[in-house]
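Asker: following is a predicted model, sequence given first.
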Amino acid sequence: MSRNIFRMILVLFFSFLMAGAVFAAPPVKIGALFSVTGPASPLGEPERNTAEMMVAEINKAGGINGRQLELIVYDTQGDATKAVQAVNKLIKDDKVVAIIGPSTTGDSMAIIPVVEKAAIPLISCAAGIKITDPVKKWVFKTAQNDVLAVMRIYKNLQKQKISRVAILTVSDGFGSSGREQLKLKAKEFGISIISDETYGPKDTDMTVQLTKIRNSNAQAVICWGTNPGPAIVARNAQQLGIKIPLYMSHGVSSRKFIDLAGDSAGGIMLPSGKVIVADQLPNSDPQKKALMSYVNKYRARYKVEGDHFGGHAWDAVMLLKNAMEKGGFAPAAIRDQLEKTKKFAGIGGTFNFSPQDHAGLNIDAFVLVKVEKGDWKLIK
Amino acid sequence: MDNFQQLFQYILTGLSNGAIYALIGFGFAIIYNSTGIINFAQGEFVMLGGMLTIFFLSVFQMPLVPAILLAIVVSTGVGILFERLAIRPLKDAQPFSLIIITIGASIFLRGAAMLIWGKDTHALPAFSSNDPLYIAGATILPQHLWILGVTVLIIIASRIFFNYSVVGKAMRACSYNPRAAGLVGINVKSMVLLSFALSSAIGSLAGIIIAPLTMTSYDVGAMLGLKGFCAVIIGGMSSGMGTVFGGLLLGLLESLGAGYISASYKDAIAFIILLLILFIRPEGLFGSKETERF
Amino acid sequence: MVTVKKRQLLVFFVFAAAVLLAPFFLKGNYLLNVLVFVGINTMLAIGLNLLLGYAGQISLGHAAFFGMGAYISGIITSRFPVEPFLIIFLAALCVGVIAFIIGFPILKLKGHYLAMATLGFGIIMYIIFNETVDWTGGPSGLSGIPNLRVGSLVFDNDWNNYYLVWVFTLAVMLLSINLSRSRIGRALRAIHDSEVAARVMGVNARILKVQIFTVSAVISAVAGSLYAHVMTFIAPASFGFNFSVELLTMIVIGGLGSVYGSFLGAAILTMLPELLRVFQDLDIVIYGLMLILMTMYMPGGLIGGMEAAVRFALKKIGKGENNNAQA
């Protein structure tokens, strides 16, 4: 008797499964372009990992409106040609409904003409301000504009009554965009840049530039780059005995920087997304819930700390999810819903998109943190 | 801080970077002088030295000295394998085939390192302390002294080896005329193998002693390799001391160029010097004319 | 000789017809987009092959000429309302003059030294692309380059770009085929085999090498200009040392000294990411291995390998026929 019941259940189960397989709609395809290898791989790798984690999670929870997602990731290697080829494949071959990434400003600028023409929404994970300024109909971004980080630093300088600064930027996309914004906003905050130095992304020694800065009578140094350059800068500054405050960019706001710079990291300040200080945030912070969930899940799955680069991909996937839940899966509907997104508390900040603003963040996206005793400390 | 102190700091920085270039360049010269091959994969051995040391330190929890020794042994093994598998099977190959093969090897080693150890950058702890030393107002780190010291040691050791030991003399004979060397009973093949072994050992040693300063990751090899190559061209392939002077000069010019002209064009300076030397005096500043260059 | 030339032309026309008809079978397919880049890379590979395959002179800096063409076209047409086709011509001219001037000292060098000098030149140009931010837009690239247009025909979709690029590519292929059959081609091959012997035979090796270097650079520059207008965005990363090596790989894999080998190599390398996608991050390792193994075991490239296979097969068939006849 019980055996028969068991059989019945089994038959039912399988017929249910079959029915599910036959009637279930095909998965919704989302494209992703990240520079998983190449010079920008410190950005691309956590972004890919995060996107894969989030999509797996959404699918496990039943998908969106009953439909599963399929994430198709291509590697751009940080090369514009490969990015354009990959985006064409995503649109014409894979027929995706929306695209997240690429990781770098250059790759994003390269594929914007393609997505604009194909009318497919793009949520870029790169920081360059020109991606969404001027506003392009189909292009959104989740990475905080560099200018917000610059303003966060300048506000702090103003508070400390510092007016003469030296800047030291890396000569790649991230650094040159930061350099541009640092120069652009200086006047507004009454700051004069009295020394403007650069270093190459593969340079292994910056003592020469720092010696020049030391002799320049600057009251603070701002260094703009991604690992490992800034860690070398921190070590060189310590070697040269530079005592003036050293600011870094949000490009190094991860555990890795403290590991690399060692005890020379002490006292360094930088604007950062809230990821690295998630546990120090007050419970009233609207982002806290998302942040804590991201940090814990990433650590559980990949055994390393999540950073804000991964956070950009988290935001992109979740923004898409929200838009799809509200407006369905047609590219145009997704775009319209994205543009209507308000008060979306993600990892990078609280997003408020509008027809005039496809970046959606303000200066509150950044907090200022300081390295103290080998850890990040939130500065009020 | 006056101008003299600034200049002195540039010079000190330049010299300590130059020693790194010289050490890497030395590896190029050893292979070139016994085979006429420029090993474009030389930089990857620099990377292997640093990465392997970190690997042994962190994964096997070894103490520093055994980790370093083991890293050198393993890199040397990779160098030997490379010669046996990819260089020796080609007899009388055209130069461009050898160039392409060594480039292929460098891409392969870099890719393999990325797969095995990931894309992260790692820092090795300094051998002695991390406190800067002050010389007339300019500073260097104890690690810089390590680099200078090891460079000097290797120069002395190699002079003794090439000038006084039988094997060293045999290697030199091979570089002048491999056929004649073969006729007098020198095993040319094993000399070539030995040169690859020596140069990968020196390359990996260079990679290890600079890792506390420059940090290391799977892709540090390319640029350091090229700089080492510039050093050896400037100094001249034929002379060991020339390579050292070439390296120091390159480091110095780079640092002064970055200090007084523009840091953005620092690397361009290195390569413009390279081109000028190749155009005007291809045997190098300190090389001798009779070396086969064409 | 006449029959060989006729046969070569016949092969070329068959190839050209296949190229020109291909889009009709690929309508709306993304492959058409890939083939646009295959065309550009074929041009570049042929340019490099003229230098390395025919004259035996290596260059590890050809991406620099490609970049110069792209940036001259890109910078001028994105700022001034000028006729872009005129600028392609101007860019080619400028690059040609520069290549001619630096060709003399560079091509005096041989073997490894030549490789290093061209590599140094490539890196210097790359640094210039990167650092002259006011002109080139620096590392984050130069956008807003207009599409090419002829009257009301705008080259802004895959279909049009395909024909634009391939018309140029086919022209370069034809040029290269004719060149290899000409007196110059024979002289170049003589230099390849033995420069001393060529000189003894009265070939002015020095001038000839510089000339072929210039032609090769001009072809690369034209490819660069086309690339800029097809992409409408350029960034220095596309013109670095890695790309020079990629070009070298194309002709090594395809076949040194072969026009169709250049095409084959360009096609394989352009689609390689596609083919290697299954291996994910392994592709860089496979890429390195391929370079080593092809150079070691297949020095004639795939084209050479195919020809050998065909010859072998023909011989076998021939033998079989003979046997039959005997029987």
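Answerer: Received, thanks. Residues are numbered from 1 along each chain as shown, chains lettered A, B, ... in the order given.

Asker: C-alpha from now on. contacts and neighbour counts both.
Answerer: Fine.

Asker: A:Lys130: how many residues sit nearby?
Answerer: Using other Cα atoms under 10 Å in any protein chain shown, A:Lys130 is surrounded by 13 other residues.

Asker: please name the residues that touch it.
Answerer: Listed by Cα atoms under 8 Å, 6 or more residues apart in numbering or on different chains, the contact set of A:Lys130 is empty.

Asker: dump the residue contacts of the closest residue to chain B within chain A.
Answerer: Nearest to chain B in chain A, going by Cα to the nearest Cα, is A:Thr204, at a distance of 4.8 Å. Applying Cα under 8 Å, 6+ apart to A:Thr204 gives the contacts A:229, A:232, B:213-215.

Asker: model confidence over stretch A:271-279, on average?
Answerer: Averaging pLDDT along stretch A:271-279 yields 89.

Asker: now A:Met109: closest residue in space that isn't a chain neighbour?
Answerer: Using Cα to Cα, 6 or more residues apart in numbering or on different chains and skipping the chain neighbours, the partner closest in space to A:Met109 is A:Ile131 (6.4 Å).

Asker: closest residue of the stretch 101-250 of chain B to chain A?
Answerer: At 4.8 Å from chain A, B:Thr214 is the closest residue in the stretch 101-250 of chain B, using Cα to the nearest Cα.

Asker: surely that residue is in contact with A:Met206?
Answerer: No. Applying Cα atoms under 8 Å, one finds B:Thr214 not in contact with A:Met206, separated by 10.1 Å.

Asker: need the overlap of contacts for the two.
Answerer: Residues touching both B:Thr214 and A:Met206 (Cα under 8 Å, 6+ apart) are A:Ile232.

Asker: local confidence estimate at the residue of the stretch 101-250 of chain B closest to chain A?
Answerer: Looking at B:Thr214, the pLDDT reads 87.

Asker: burial check on it, number of neighbours?
Answerer: Neighbours around B:Thr214, by other Cα under 10 Å: 22.

Asker: backbone phi and psi for it, please?
Answerer: Per-residue torsions, B:Thr214: phi -100, psi -10 (degrees, to the nearest 10).

Asker: tell me the contacts of it?
Answerer: Residues in contact with B:Thr214 (Cα under 8 Å, 6+ apart) are A:204-205, A:232, B:123.

Asker: with A:Glu52 instead?
Answerer: Listed by Cα under 8 Å, 6+ apart, the contact set of A:Glu52 reads A:Leu71.

Asker: try 10 Å
Answerer: A:Glu52 makes contacts with A:32, A:46, A:58, A:70-73, A:313-314, A:317, as judged by Cα atoms under 10 Å, 6 or more residues apart in numbering or on different chains.

Asker: try A:Ile194
Answerer: A:163-167, A:213, A:216-219.

Asker: and the helix or strand harbouring B:Ser75, which residues are buried?
Answerer: Assigned by DSSP states H and E, B:Ser75 belongs to helix B:64-82. By neighbour count on 16 or more other Cα atoms under 10 Å in any protein chain shown, the buried set for helix B:64-82 is B:64, B:67-68, B:70-80, B:82.

Asker: so which elements touch that helix?
Answerer: With contacts taken as 3 or more Cα pairs under 10 Å, 6 or more residues apart in numbering or on different chains; DSSP states H and E, helix B:64-82 sits against helix B:42-59, helix B:95-117, helix B:188-214.

Asker: next helix or strand past the second one?
Answerer: Same thing as helix B:95-117. Downstream of helix B:95-117 (by DSSP H and E), the next one is strand B:133-135.

Asker: mind checking how far B:Leu248 is from chain C?
Answerer: Distance of B:Leu248 to chain C, given as Cα to the nearest Cα, to the nearest Å: 19 Å.

Asker: from A:Met109, how far off is that residue?
Answerer: Distance, B:Leu248 to A:Met109, using Cα to Cα, to the nearest Å: 42 Å.

Asker: look at these two and report which has more neighbours.
Answerer: Shown here are B:Leu248 and A:Met109; by other Cα under 10 Å, A:Met109 has more neighbours (29 against 24).

Asker: residues contacting the residue nearest to C:Ala235 when sequence neighbours are not counted?
Answerer: Distance criterion Cα to Cα, 6+ apart; nearest residue to C:Ala235, sequence neighbours excluded, is C:Gly141 at 4.0 Å. Residues counted as contacts of C:Gly141 (Cα under 10 Å, 6+ apart) are A:80, A:105-107, A:109-110, A:173, C:129-130, C:133, C:233-237.

Asker: switch the cut-off to 7 Å
Answerer: Neighbouring residues of C:Gly141 by Cα atoms under 7 Å, 6 or more residues apart in numbering or on different chains: A:106, C:233-236.

Asker: list the contacts for the residue of the stretch 201-350 of chain A found nearest chain C?
Answerer: Taking Cα to the nearest Cα as the measure, the point where the stretch 201-350 of chain A comes nearest chain C is A:Pro201, at 10.9 Å. Applying Cα under 7 Å, 6+ apart, we find A:Pro201 in contact with A:170-172, A:229.

Asker: now B:Phe162
Answerer: By Cα under 7 Å, 6+ apart, the residues touching B:Phe162 are B:168-169, B:172.

Asker: pull the number of nearby residues for C:Ile317.
Answerer: 12.
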